[in-house]
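Peer 1: what shape does this take:
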Amino acid sequence: MTTPEVSEPRRPAASAPNVLWISTHDINPDLGAYDGVWPGAHYADTPVLDGLAAEGVLYTHAYASAPVCAPSRAAIMTGCHPSAVGTLPMRTKAVPPPEVRLLSEYFRAAGYYVTNNVFADFQVQTPPTAFDKCSTTAHWRDRPDPTMPFFAGFHSSITHESRLYYSPEDFAAETADVAESRRHDPAAAPLPPYYPDTPAYRETWARYGDLVTQMDHWVGGLLDQLDADGLTRDTIVVFWVDHGVGMPRAKRWVNEAGLRVPLIVRWPGVLAPSRRPELVHLLDLAPTILAACGIEVPEHMHGSPLFDARGRHSDPNDAVFGARARIDEQEDDSLTVRDRRYRYIRHAHPDRSGMQHSTYPDRFVTWRELRELAFADADALAKGLPADRLTGPQRAILAPGRPAEELYDHEVDPYELDNLAEDPGHREVLDRLRGRLEDWRRQYADPWPIPEAEMVLEWRPDGVLRPTSAPEVTREAGLLHARCATTGASIGWTTDPPGEVRPPTQVEQVTGAPVDDGRRWQLYTAPVPDPGTPVTFGAWRLGYAPSDEVLLAPTSPTADRTRR
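Peer 2: Residues are numbered from 1 along each chain as shown. Below is the predicted model of the structure:
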């Protein structure tokens, strides 16, 4: 998407569908609809999402690009592999290539009303051109014209890993809509075999189930509002999750439990209800939803549409890929490829534990207990006694090292317990997947490991953001024309006077949410009719400092630049 000088405003077709974009944190396909294709899904109590799946398309094999939130969400919102555009290290505040935009801007440029409620964790400082509104109250109901199509994002934190470990009082408040009769029984918790069977793990897994049920209730509220507004048949509903459950050997690991997620799409009258087994990258969502809405898919996106505007499906992936780099203070680098049967993993640092110390999760009871049981086994050995607190797969999670390569056969080993990388009978499979991963690495992760420190110095010499050039604004025949000399910049304009800048919350500051000063910035896509009132222009390039603002007085023949 280039910055235009003169063009006609784009208007969506009268039949353009709305988009309701719903996400949550930190869950695997632990929904009732996945019973039979994901171990343990029978434990779930999720009537709303099960109903959504019955009315839409349930993708049984959808995968995140990274096993932690910000890189994964960056992939979804850009349609690009994080390792290829600088967004893989956790919260690195990247400077992507100039052609990269956030998905929401393409919808604004196409005439959609675009909102985000409220989480914005895309590895960049989110520009005010990204959304018409980004706040805890943002809603499709705010659009100025009720016939205007919308792209409305709602993002739940109900299932975030932190909630698993709340105090009993706070957990009860967080799950207030889950009746006692629907609470999950710890005794029946289907613990994966790489977790110790202890009260702490069973209680945490039961809490996980309760949080998923509470989240399901929240989704129901959004669907009820859509129905009450008479918009159900005109709206594509997309439910997705950033990565796997917030427990050891899932979130932060490039294993199946770290990357495999639920994905449901409902489009009444266009997509026939079905279960689809094809391999899906979550970054395929960006080109998919653009294509479905009749918006041109940018060539630079790495994903491929799963279906088109007529609901015709494609099967774009015979393999899916994932990666991780630094996560908080954990310095680690791993790549993985999954085909329809096997997962292959390559570690750059096999001498490092897969469960290095990490200040944030190490305070959680599941992390602490695993370490305490390992210590108890070591203490037993020191006393000449058997080490029997942990099984081999459980002990391997926090072993001081791990194999450089891992290979798992998901047809017989869904929990990835039996590493076949050294098995002569699987040499052909190993070589084939090595080759697939190496081809992908050369295209999307070169160099690897990701040299984050070098990237940061290149992005921000001496720690200073590069500036975005101020827009050049001219008046011609009653129209305001704008352009920006910074390649890749988006231009915005507003007639709202600047208000008091609201200090960002801690979460907003960390995640890079848009700065809120009370103004609504329009995305510049074509010359703007002179409003006859003061109008302000600004420009934003992802990863750069915002431009100086350009204020045009009603009668001024030229633009007066003012710094804000």
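Peer 1: the longest helix along the chain: how far from the chain's middle?
Peer 2: Using DSSP state H, we find that the single longest helix of the chain is helix 199-228. Chain-centre distance of helix 199-228: 19 Å, with Cα atoms, centre = their mean, to the nearest Å.
Peer 1: that one packs against which elements?
Peer 2: Counting contacts by 3 or more Cβ pairs under 8 Å, 6 or more residues apart in numbering; DSSP states H and E, helix 199-228 packs against strand 18-24, helix 47-55, helix 168-174, strand 235-241, helix 365-382. Glycine gets a C-beta too; all of them are placed from N, C-alpha and C.
Peer 1: quick check: buried residues in the first one?
Peer 2: In this case it means strand 18-24. Using 16 or more other Cβ atoms under 10 Å as the test for burial, strand 18-24 gives N18, V19, L20, W21, I22, S23, T24.
Peer 1: what's the answer for the last one, then?
Peer 2: Taking 16+ other Cβ under 10 Å as the neighbour-count basis, helix 365-382 is seen to contain the buried residues T366, W367, E369, L370, R371, L373, A374, D377.
Peer 1: can you check stretch 214-221 too?
Peer 2: Q214, M215, D216, H217, W218, V219, G220.
Peer 1: just checking, the last one touches V48?
Peer 2: Yes. Taking contact to mean Cβ atoms under 8 Å, the distance of 3.9 Å between G220 and V48 places them in contact.
Peer 1: on that earlier part again, list just the nearest of the buried residues of strand 18-24 to A323.
Peer 2: Minimum distance to A323 across the buried residues of strand 18-24 is 20.4 Å, recorded for S23 (Cβ to Cβ).
Peer 1: return the residues in contact with that closest one.
Peer 2: By Cβ atoms under 8 Å, 6 or more residues apart in numbering, the contact list for S23 reads R73, F119, G153, F154, H155, S156, F239, W240, V241, D242.
Peer 1: now for the fifth one, how many residues are close by?
Peer 2: Spelled out, that is H155. The local packing of H155 (other Cβ atoms under 10 Å) involves 17 other residues.
Peer 1: show me the contacts for the closest residue to it other than its chain neighbours.
Peer 2: Spatial nearest neighbour of H155, excluding adjacent residues (Cβ to Cβ, 6 or more residues apart in numbering): F119 at 3.8 Å. By Cβ under 8 Å, 6+ apart, F119 lies in contact with S23, H155, S157, V507, T511.
Peer 1: please apply the same query to V118.
Peer 2: Residues near V118 by Cβ under 8 Å, 6+ apart: C134, S135, T136, A138, H155, A513.
Peer 1: repeat that for P386.
Peer 2: By Cβ under 8 Å, 6+ apart, the contact set of P386 is A380.
Peer 1: state the distance from it to A323.
Peer 2: Note on P386: its distance to A323, by Cβ to Cβ, to the nearest Å, is 39 Å.
Peer 1: try A445
Peer 2: Taken as Cβ to Cβ, the span from A445 to A323 is 6 Å.
Peer 1: residue ranges in the stretch 301-450 of the chain under the pLDDT threshold?
Peer 2: Within the stretch 301-450 of the chain, the set of residues satisfying pLDDT under 70 is empty.
Peer 1: please enumerate the helices of it.
Peer 2: 365-382, 392-397, 427-444 (DSSP state H, counting those that start in this stretch).
Peer 1: in CSV, list the ones you listed along with distance to Y524.
Peer 2: Formatted as CSV, the helices of the stretch 301-450 of the chain follow (distance: least, Cβ to Cβ, whole Å):
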stretch, distance to Y524
helix 365-382, 48
helix 392-397, 51
helix 427-444, 32
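Peer 1: what's the burial count for the closest residue to E422 other than its chain neighbours?
Peer 2: Using Cβ to Cβ, 6+ apart and skipping residues adjacent in sequence, the residue nearest E422 is P403, 7.8 Å away. Using other Cβ under 10 Å, P403 has 14 neighbouring residues.
Peer 1: check contacts around P403.
Peer 2: Contacts of P403 by Cβ under 8 Å, 6+ apart are H347, P350, N419, A421, E422.
Peer 1: the first one: how many residues sit nearby?
Peer 2: This means H347. By other Cβ under 10 Å, neighbour count at H347 equals 21.
Peer 1: enumerate every residue touching it.
Peer 2: Counting by Cβ under 8 Å, 6+ apart, H347 touches D332, D333, S334, R402, P403, A404, E405, E406.
Peer 1: re the thing from before, what about the residue nearest to H155, which SS state?
Peer 2: Classification of F119 using DSSP: H, G, I helix; E, B strand; the rest coil returns coil.
Peer 1: looks to me like E105 is in a helix.
Peer 2: Yes. Residue state for E105 (three-state DSSP) corresponds to a helix.
Peer 1: check what pLDDT it gets.
Peer 2: Looking at E105, its pLDDT is 98.
Peer 1: ok, it touching Y524?
Peer 2: No. The criterion here is Cβ under 8 Å, and E105 misses it with Y524 at 10.9 Å.
Peer 1: spit out the residues that contact the two alike.
Peer 2: Joint contacts of E105 and Y524 (Cβ under 8 Å, 6+ apart) are S490.
Peer 1: the more surrounded of the two?
Peer 2: Each of E105 and Y524 has its neighbours counted (other Cβ under 10 Å); Y524 has more, 25 against 19.
Peer 1: count of residues packed around the closest residue to that one other than its chain neighbours?
Peer 2: Sequence neighbours aside, I491 is the residue nearest to Y524 in space, at 3.9 Å (criterion: Cβ to Cβ, 6+ apart). Neighbours of I491 under the rule other Cβ under 10 Å: 26.
Peer 1: one more: D462?
Peer 2: Neighbours of D462 using other Cβ under 10 Å come to 5.
Peer 1: where does pLDDT dip in the stretch 1-150 of the chain?
Peer 2: Scanning the stretch 1-150 of the chain with the threshold set as pLDDT under 70 gives 1-14.
Peer 1: ok, now with 50
Peer 2: Residues of the stretch 1-150 of the chain that meet the criterion pLDDT under 50 lie in 1-9.
Peer 1: three-state assignment of the residue nearest to Y524?
Peer 2: strand.
Peer 1: any idea what it is bridged to?
Peer 2: A539 (DSSP bridges).
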